[in-house]
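S.K.: generate coordinates for the sequence data below:
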Amino acid sequence: MDKQRQLDDFFGLTSENEDKKSPHKKSLKEMLHNKNRGFRAKLRLLPKIFSKKERYIILVFLLIIVGSLISLPITSYYHFTIPVPSYGGTIKEGLIGEARHINPLLSQSDADRDLVNLIFSGLLQYNEKGQLIPDLALSYEVSPDELNYTFKLREGAKWHDDEPITADDVVFTIQAAQNPDYGSLQRINWQGVEVEKADEYTIILKLKNKYSQFLNNLTLPILPAHAWENVKPINFALSELNIKPIGSGPYNFNKLQKNESGKINLYELVSNRQFYGQRPFIDKVQFKFYESEDELINSYNQGDTENLGFVSSKNLAKVKFKNNLTIEEMTMPRYFGIFINQNQSKILSDKNIRLSLAHSTDKQSIIEKVLNGKGVPVDSPMLQGIYDINEDIKKYDFNLGTAEELLNKSEWNQKGEDGIRKNKNGDKLSLKITTSTWPELIEVTQILKEQWKQAGIDLQIETLPISGLQQTIRDRNYEMLLFGEILTLDPDPFSLWHSSQKRDPGLNLALYDNKSVDTLLEDARKTLNPTDRFSKYNEFQKLVIEDIPAIFLYSPQYLYAHNKKVRGFQNEIIATPSDHFSLIEKWYIETNRNFK
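M.R.: Numbers count the residues shown, from 1 in each chain. Just a heads-up that it's a prediction; the model follows:
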């Protein structure tokens, strides 16, 4: 029998004559039985009808058909839908420091402030671009004389214990901040401000003098009056509410654990499902606390935590499993510089010496070596790229030729055998710089020592622990100070550069005194129009750059490393390190799919 006949038999393609050969009609049951038996027989014929190669081809063809039929609805589903955030998941966060006062009026450490940021909320907040937007406040108005600020609160917003948020809470918080008996670190920001309750959801803040940066103060998180009003000021820092707080933010306190010494080693928050804003997508945030960055990194490398609340660019190399992390790089209004105390050094009172130091400093080399490139050079007390000011400013670029030319025209025009310059009396050109024991700053001073030696300048280095450095700063007992300054996103450089701030508790670390600068800073504080205000700041920065009371070095990026499963991070510019948690309610781990 040839293959064609075999195929005809297999598919039932017999001739009519063969059908007529049946001598009698069969019952339905017999016909079905015979048909099934015939089908099984035909299956047994397959190996005889088709070759091995043909059978493989048929099998592959059948698998393709079946696979297509199965995948078609799945492919169509993914084609016509998109992933969207869904609720669920847990973040395991590692923080450096200790949680002691999770209270916006008392928080001192970054760990405290991180938790405050998640648990509490203020009248205003910063968005991902660093712009102020309403938070607990629904809206606000400024009076024509720019002295009264009227805030309307959201109605229906609640504390974590289900009590309503009202004007009484705002009044209590501000008055507690002003009262020295409470020991608030925020007191300086609220001196001279009168707070008045207009109605249940309206407050009026009255200033004695115009202050253009006042709105920055309104990011202060608000405390619940009903929880705190019976706590006496003397017990304010001792209350259990400092570690088991009641807030209004996107996350509630859930539980904590302490180690044998009584320190908190685990702190857990859960999402606030009645949050007045968007309910957080991520259900839980767990925090573990570490004494140092190295300890935090070791914990991550061993799998004990998933996110690193902070990691320095220098220590990124120590982090393992980087493929599991997303490194967020954020801009923050801070810079490091060398503040020159001309009262402590006759040599540094010579502007040409300060100029030669500026031209002997290779900022980009410092950024590459110390920050692994994660930073930008700074040439002004106003940070370019953050503030809307003129960036076409004088810059003292690294140029050893210019530095040596300036020194050759001074009394330090000779070089000894060790390469260090000296005057006609044989005195060496030796200067002293003071800084903290923070490894990054120690490394910066070592690089400066090498760079300045090329111009013939000897640099002596003094490093002090934080307590000793604080006292040295209070006494202004240094020739040069390598230190950092933190501004705000709407800056007020008054306390850093006005002559009235030369002594403690002022922060004019260079003891800078320029009457024209004083006037510009005073006027800028009273100018609410941003364009006019920054015009004054532009003139201010030009005068400071010309006088060289400091050598500005660099602004490091803030690095936050989180597991790649966490998505939705949006922050680009942050005011403080804890602000990297701003808008955490938009972060997500789980997803659903919705039709486009």
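
S.K.: work out for me the element Thr463 sits within.
M.R.: Assigned by DSSP states H and E, Thr463 falls within strand 458-464.

S.K.: ok, then the element right after that strand?
M.R.: That would be, after strand 458-464 and using DSSP H and E, helix 466-475.

S.K.: CA atoms of that following helix as PDB?
M.R.: Output in PDB follows, covering the C-alpha atoms of helix 466-475 (Å, rounded to 0.1, in the frame of the first residue of the first chain):
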ATOM      1  CA  ILE A 466      33.600  67.300  67.300                       C
ATOM      2  CA  SER A 467      33.500  68.600  70.900                       C
ATOM      3  CA  GLY A 468      36.900  70.200  70.600                       C
ATOM      4  CA  LEU A 469      36.100  71.600  67.200                       C
ATOM      5  CA  GLN A 470      32.900  73.200  68.400                       C
ATOM      6  CA  GLN A 471      34.700  75.000  71.200                       C
ATOM      7  CA  THR A 472      37.400  76.200  68.700                       C
ATOM      8  CA  ILE A 473      34.700  77.500  66.400                       C
ATOM      9  CA  ARG A 474      32.900  79.300  69.300                       C
ATOM     10  CA  ASP A 475      36.200  80.900  70.300                       C
END
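
S.K.: and the angle for that helix with strand 458-464?
M.R.: 120 degrees (axes from the mean of the first three to the mean of the last three Cα atoms, to 10 degrees).

S.K.: could I get the phi/psi values of Ile57?
M.R.: phi -60, psi -40 (degrees, to the nearest 10).

S.K.: can you pull out the helices in the stretch 151-300 of the chain?
M.R.: 167-178, 187-190, 225-228, 293-301 (DSSP state H, counting those that start in this stretch).

S.K.: format those as JSON lines; extra columns: distance to Gly373.
M.R.: Where C-beta positions appear, they are placed from N, C-alpha and C, glycine not excepted. JSON lines is the format used below for those (distance: least, Cβ to Cβ, whole Å):
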{"stretch": "helix 167-178", "distance to Gly373": "40"}
{"stretch": "helix 187-190", "distance to Gly373": "36"}
{"stretch": "helix 225-228", "distance to Gly373": "46"}
{"stretch": "helix 293-301", "distance to Gly373": "19"}
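
S.K.: just those helices: most buried one?
M.R.: Per residue and on average, the most neighbours among the helices of the stretch 151-300 of the chain fall to helix 167-178, with a mean of 21 (mean count of other Cβ atoms under 10 Å).

S.K.: packing partners for it?
M.R.: When contacts are defined as 3 or more Cβ pairs under 8 Å, 6 or more residues apart in numbering; DSSP states H and E, helix 167-178 packs onto strand 148-153, helix 187-190, strand 193-199, strand 202-207, helix 225-228.

S.K.: rerun at 6 Å
M.R.: helix 187-190, strand 193-199, helix 225-228 (3 or more Cβ pairs under 6 Å, 6 or more residues apart in numbering; DSSP states H and E).

S.K.: may I see the buried residues of the second one?
M.R.: To tie it back to what came earlier, the one meant is strand 193-199. Val193, Val195 (16 or more other Cβ atoms under 10 Å).

S.K.: so which elements touch that strand?
M.R.: Using 3+ Cβ pairs under 6 Å, 6+ apart, strand 193-199 is in contact with helix 167-178, strand 202-207.

S.K.: just the C-alphas of the shortest one, formatted as PDB.
M.R.: Below are the C-alpha coordinates for strand 202-207, written out as PDB (Å, rounded to 0.1, in the frame of the first residue of the first chain):
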ATOM      1  CA  THR A 202      -7.400  79.200  60.300                       C
ATOM      2  CA  ILE A 203      -4.300  80.700  61.900                       C
ATOM      3  CA  ILE A 204      -2.600  84.000  61.400                       C
ATOM      4  CA  LEU A 205       1.100  84.400  61.900                       C
ATOM      5  CA  LYS A 206       2.200  88.000  62.500                       C
ATOM      6  CA  LEU A 207       5.800  89.300  62.000                       C
END
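
S.K.: now the helices and strands packed on strand 193-199 in JSON lines, with mean pLDDT and distance to Val370?
M.R.: Shown next, in JSON lines, are those (pLDDT from 0 to 100; distance: least, Cβ to Cβ, whole Å):
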{"stretch": "helix 167-178", "mean pLDDT": "98", "distance to Val370": "37"}
{"stretch": "strand 202-207", "mean pLDDT": "98", "distance to Val370": "42"}
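
S.K.: wait, which of the ones you listed is closest to Val544?
M.R.: strand 202-207 (27.5 Å; Cβ to Cβ).

S.K.: in its sheet, what does that closest one sit against?
M.R.: strand 148-153 (antiparallel), strand 193-199 (antiparallel) (DSSP bridges).

S.K.: and that strand, how far out from the chain middle?
M.R.: 31 Å (Cα atoms, centre = their mean, to the nearest Å).

S.K.: return the set of buried residues in it.
M.R.: Neighbour count says strand 202-207 has Thr202, Ile203, Ile204, Leu205, Leu207 buried, by 16+ other Cβ under 10 Å.

S.K.: quick check, nearest of these to Lys422?
M.R.: Leu207 (56.3 Å).

S.K.: which ones are touching the closest one?
M.R.: Leu147 (Cβ atoms under 6 Å, 6 or more residues apart in numbering).

S.K.: pLDDT below threshold where in this structure?
M.R.: By pLDDT under 70, the low-scoring segments of the chain are 1-50, 55, 76-79.

S.K.: ok, back up a step: okay if I get the helices and strands packed on helix 167-178 as JSON lines plus distance to Glu485?
M.R.: Listed next are the helices and strands packed on helix 167-178 as JSON lines, based on distance: least, Cβ to Cβ, whole Å:
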{"stretch": "helix 187-190", "distance to Glu485": "17"}
{"stretch": "strand 193-199", "distance to Glu485": "25"}
{"stretch": "helix 225-228", "distance to Glu485": "33"}
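
S.K.: domain ranges for this structure, per the record?
M.R.: 3-79, 87-120+249-329+560-596, 123-244, 334-556 (automatic domain parsing).

S.K.: from start to finish, how long is the longest one in a straight line?
M.R.: So that's domain 334-556. End-to-end distance for domain 334-556, by Cα to Cα, to the nearest Å: 8 Å.

S.K.: how far does it sit from its chain's centre?
M.R.: 26 Å.

S.K.: then the second one?
M.R.: With Cα atoms, centre = their mean as the basis, the distance from the averaged C-alpha position of domain 87-120+249-329+560-596 to the chain average is 11 Å.

S.K.: start and end of it, how far apart?
M.R.: Using Cα to Cα, the two ends of domain 87-120+249-329+560-596 sit 20 Å apart.

S.K.: return the residues in contact with Met382.
M.R.: Met382 neighbours (Cβ under 6 Å, 6+ apart): Ile389, Tyr537, Gln541.

S.K.: now do 10 Å
M.R.: 333, 335, 388-391, 393, 487, 491, 493, 534, 537-538, 540-541, 544-545, 552 (Cβ atoms under 10 Å, 6 or more residues apart in numbering).

S.K.: also Leu406?
M.R.: 350-360, 412, 455.

S.K.: out of the buried residues of strand 202-207, who's nearest Glu585?
M.R.: Ranked by distance to Glu585 (Cβ to Cβ), the buried residues of strand 202-207 are led by Ile203 at 24.9 Å.

S.K.: nearest residue to Asn217 in space, please, no chain neighbours.
M.R.: Asn189 (4.8 Å; Cβ to Cβ, 6 or more residues apart in numbering).
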